[in-house]
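> Structure here, sequence nowhere to be found:
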Ligand code: SF4
């Protein structure tokens, strides 16, 4: 293995017509890495919320705007009723303190195959593309984002950013989690006759609750 | 995968007569072209992003040793392992031995072109490990025992009926005994079958669209979410990626993400863009216990220094295939190996040897559409021409075409004789009319262009 490593690195240097990099160049490259320079970004309209909502629609996600976090259980209830789902949910532990109805069966754990609906909190929303950014953690295991057929994501307005680069800046304030998922619409496939079909392996429905 | 690139010409003839294939190609062509055009037109910054992406990639390639070592350190820091493989065999051996070390019996896979390149599935199966492709298109062609015919839409050549037949044949053993015909039913049955595979897999193998030196992460983009189930549910996650996939920072990746999906499917981003960094953390409730990255060279480090190095910028978006008149006429299988279309016509001879794929660089009209749409501005026609020159030079004896040209040159150098001869021949053809061989050509007028031109000049 180390032999292959040496061989590949040597080949690279040989092809580039040089030896190992000198300290000076290495320092420059390290400085480039540390600079986090943002490249060209698409110009966006001022109203990020409208843009975000428009982009969500484009990717076949649905949305409900609510005034404050206390309304979250009602928004979830509306979704359950609309799609005729059982009151059995698996959830991100960050949402534990909300006033959930007593009779609902709510689990705070990794997802299991039987789970039909998950509710998680987004680390950020990206207006440019209508995406939601979810991080793996004890409270929000990654399987919640992919196993159930229905996925509700709660996004707080203060976490809506214009471009992906703003997410990187926020992310660097903490340790890199095992998994960063940028989710843009429900799961889909066009592998049979180029016909788009939702719910290939991940959620068939993606619903966003935007807390203003 | 055994290459049939040497019989390209023969395979094109079969492809042109395959009605199902021709229908599928016609459908997919407009689908990809229109969507890409709309997505690119909606982003005024597209060309500047493209320019920037090329600069970033060239910078990275010029310091590839540094960024690979940096990436390696960061993977170690997040608790993962990096393995280096210079050949396809070495890569397969390493992956097999990781699987054996964890006593794996079942493997699920996300779509990965590099794993096709190194023929990973065969290696795993030879060692008694069950492999299941989980991208729907890859799964379909795995059942059909066929190679992918497109780098982002592997089953694009299959009709719904063919897929229904495959499912009917292979899903009986899982209790699905109905013959299906509708697309939603087919997708949903595959979902159910593959769910079981995801849950029982010991190891998940994915490719990587990008590796990030800064964080030691592997990035995959998918629409189905299969890649995420593959890298989250099993005990072990193995990423297999070629060395040119590395990019310096998260900001650099952002630029590439803006180009990739737009060029490929016309989306701004695919449904899922996922960054995996190391194994599950001690406090995590899911995720793999081990995280491995296998870095594959397979000739790339040599390409870095030669006249084909621009090909290393390729991000495998498939735009050059979708816009290629040859690909659109014959489909991906005719190219005979893993990579079809213009990018394949460059890569295959470089990876397998020009003698084994000498027709491929000629499988182009050099119309230039591929270069025009390539997000990484790879001069594909130039690279194809270079391969043609190489091929010509490598042929010790004159070829049939070469002899013909020499014969023609005898006359071309003597204009009087040339005009005299052409005048005779053209009169002859005008008399004979259609010779009835192959395609019908319009009957010549009986006068050469030069003669007609002279007359016209004299008149005016
Ligand atoms: S050569 Fe260019 S257009 Fe073709 S797959 Fe690679 S990046 Fe895309």
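Received it, and whenever you're ready, just let me know what you need. Small disclaimer: the values here were computed from a predicted structure and weren't measured. Residues are numbered from 1 along each chain as shown, chains lettered A, B, ... in the order given.
> element containing residue B:82, please.
Using DSSP states H and E, the element containing residue B:82 is strand B:81-85.
> Contacts made by the next helix or strand after that strand with the rest, please.
Using DSSP H and E, the helix or strand that directly follows strand B:81-85 along the chain is helix B:88-101. Here helix B:88-101 makes contact (CB atoms under 8 Å, 6 or more residues apart in numbering or on different chains) with A:1, A:4, B:83, B:85, B:107, B:117-120, B:123-124, B:127, B:129, B:202-203, B:205, B:236, B:238, B:240, B:290, B:292, B:294, B:296, B:298. Quick note: C-beta positions are derived from backbone N, CA and C, even for glycine.
> Mind giving me the packing neighbours of the strand holding residue B:82?
Under the contact criterion of 3 or more CB pairs under 8 Å, 6 or more residues apart in numbering or on different chains; DSSP states H and E, strand B:81-85 touches helix A:2-15, helix B:64-77, helix B:88-101, strand B:290-296.
> That strand pairs with which strands?
Strand partners for strand B:81-85, identified by DSSP bridges, are recorded as strand B:290-296 (parallel).
> thinking in terms of the whole chain, how far from its middle is the partner strand?
Chain-centre distance of strand B:290-296: 22 Å, with CA atoms, centre = their mean, to the nearest Å.
> tell me the SS of residue B:241?
At residue B:241 the chain is in strand, as set by DSSP: H, G, I helix; E, B strand; the rest coil.
> Quick check on the nearest residue to it once chain neighbours are set aside: phi, psi?
Nearest residue to residue B:241, sequence neighbours excluded (CB to CB, 6 or more residues apart in numbering or on different chains): residue B:208, at 3.9 Å. Phi and psi for residue B:208, reported as degrees, to the nearest 10, are phi -150, psi 130.
> just residue B:413 next, same as before
The phi/psi pair for residue B:413 (degrees, to the nearest 10) is phi -80, psi -10.
> same check, this time on the one 10 residues further on
Residue B:423 has phi and psi values of phi -60, psi -40 when expressed as degrees, to the nearest 10.
> that older thread, of the contacts of helix B:88-101, buried ones?
Among these, those classed as buried by 16 or more other CB atoms under 10 Å in any protein chain shown are A:4, B:83, B:85, B:107, B:117-120, B:123-124, B:129, B:202-203, B:205, B:236, B:238, B:240, B:290, B:292, B:294, B:296, B:298.
> Does residue 168 lie in a helix or a strand, and which?
In the absence of a named chain, this looks at chain A. Assigned by DSSP H and E, residue A:168 falls in helix A:164-171.
> should've been chain B
Assigned by DSSP H and E, residue B:168 falls in helix B:160-170.
> anything in that helix near chain A?
Yes - applying CB under 8 Å from any CB of the partner chain, one finds helix B:160-170 touching chain A at B:160, B:163.
> Now do whatever helix or strand comes next after that helix: everything it contacts.
With elements assigned by DSSP H and E, the helix or strand that comes after helix B:160-170 is helix B:183-200. For helix B:183-200, the surrounding residues in contact (CB under 8 Å, 6+ apart) are A:113, A:189, A:192-193, A:195, A:197, A:199-201, B:106, B:108, B:132, B:134, B:136, B:139, B:160, B:163-164, B:167, B:171, B:174, B:176, B:180, B:226, B:229-230, B:233.
> and helix B:183-200 with helix B:160-170, angle?
Going by axes from the mean of the first three to the mean of the last three CA atoms, to 10 degrees, helix B:183-200 is angled at 40 degrees with respect to helix B:160-170.
> Remind me what the following helix or strand past helix B:183-200 packs against, helices and strands.
The helix or strand immediately downstream of helix B:183-200 is strand B:203-206, counting by DSSP H and E. For strand B:203-206, the packing partners by 3+ CB pairs under 8 Å, 6+ apart come out as helix B:88-101, strand B:106-109, helix B:226-232, strand B:236-242.
> Just the helices from chain A, written as ranges.
A:2-15, A:23-35, A:48-58, A:72-82, A:164-171 (DSSP state H).
> Pick the most buried one from these.
helix A:164-171 (a mean of 19; mean count of other CB atoms under 10 Å in any protein chain shown).
> so what's residue B:81 up against?
Neighbouring residues of residue B:81 by CB under 8 Å, 6+ apart: B:75, B:290, B:291, B:292, B:293.
> OK, contacts around residue B:445?
Residue B:445 touches B:426, B:430, B:452, counting by CB under 8 Å, 6+ apart.
> What is the least confident helix or strand in chain A?
Within chain A, no helix or strand scores below strand A:197-198, which has a mean of 92 by mean pLDDT, DSSP states H and E.
> Can you pull out the residues in contact with it?
Outside strand A:197-198, the residues touching it (CB under 8 Å, 6+ apart) are A:60, A:186, A:187, A:188, A:189, A:190, A:204, A:205, B:183, B:184, B:187.
> Need the buried ones from those selected in ChimeraX.
Here is the ChimeraX command that selects the buried residues among those (16+ other CB under 10 Å):
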select /A:186,187,188,189,190,204,205 /B:183,187
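> Need the worst-confidence member of the contacts of strand A:197-198.
pLDDT across these is at its lowest for residue A:190, which sits at 89.
> burial of the closest residue to that one other than its chain neighbours, as a residue count?
Residue nearest to residue A:190 in three dimensions, not counting chain neighbours: residue A:196, with 5.0 Å by CB to CB, 6+ apart. By the criterion of other CB atoms under 10 Å in any protein chain shown, residue A:196 has 14 neighbours.
> The residue nearest to residue B:241: what's it in contact with?
For residue B:208, the contact set (CB under 8 Å, 6+ apart) comprises B:218, B:219, B:220, B:239, B:240, B:241, B:245, B:293.
> List only those of those residues flagged as buried.
Buried by 16+ other CB under 10 Å: B:218, B:219, B:220, B:239, B:240, B:241, B:245, B:293, out of the contacts of residue B:208.
> ok, what's across the strand from the last one?
Beta-bridge partners for residue B:293, by DSSP bridges, are residue B:82, residue B:239.
> Could you report the distance from it to the ligand?
Note on residue B:293: its distance to the ligand, by CB to the nearest ligand atom, to the nearest Å, is 22 Å.
> Could you do the fourth one as well?
When CB to the nearest ligand atom is applied, the distance between residue B:239 and the ligand equals 20 Å.
> Next, the contact list for that residue, please.
Contacts of residue B:239 (CB under 8 Å, 6+ apart): B:205, B:206, B:207, B:208, B:211, B:218, B:276, B:291, B:292, B:293, B:294.
> Of the contacts of strand A:197-198, which is the nearest to residue B:408?
Proximity of the contacts of strand A:197-198 to residue B:408 (CB to CB) peaks at residue A:190, which lies at 48.8 Å.
> Averaged pLDDT, the strand holding residue B:82. What do you get?
What strand B:81-85 shows for mean pLDDT is 98.
> Where does the prediction get shaky in the chain?
Picked chain A for this. For chain A, the stretches flagged by pLDDT under 70 are A:1.
> let's do chain B instead
For chain B, applying pLDDT under 70 flags the ranges B:396-399, B:433-441.
> all strands for it, in order.
Using DSSP state E, the strands of chain B run over residues B:81-85, B:106-109, B:130-133, B:203-206, B:210-212, B:217-222, B:236-242, B:246-247, B:272-276, B:290-296.
> For residue B:370, which of the ones you listed is the nearest?
strand B:236-242 (20.7 Å).
> and the angle for that closest one with strand B:81-85?
Using the same axes, to 10 degrees: strand B:236-242 against strand B:81-85 is 40 degrees.
> distance of residue B:376 from residue B:294?
Residue B:376 sits at a distance of 24 Å from residue B:294 (criterion: CB to CB, to the nearest Å).
> wait, I meant residue B:150
25 Å.
> out of the contacts of residue B:445, who has the most neighbours?
Greatest neighbour count in the contacts of residue B:445, by other CB under 10 Å, goes to residue B:426: 17 neighbours.
> my guess is that one meets residue B:448, correct?
Yes - here residue B:426 reaches residue B:448: they are 5.5 Å apart, a contact under CB atoms under 8 Å.
> Skipping adjacent residues, who's closest to residue 143 in space?
Picked chain A for this. Spatial nearest neighbour of residue A:143, chain neighbours left out: residue A:111 (3.9 Å); criterion: CB to CB, 6+ apart.
> other chain: chain B
Leaving aside its sequence neighbours, residue B:143 sits nearest to residue B:166 (CB to CB, 6+ apart; 4.6 Å).
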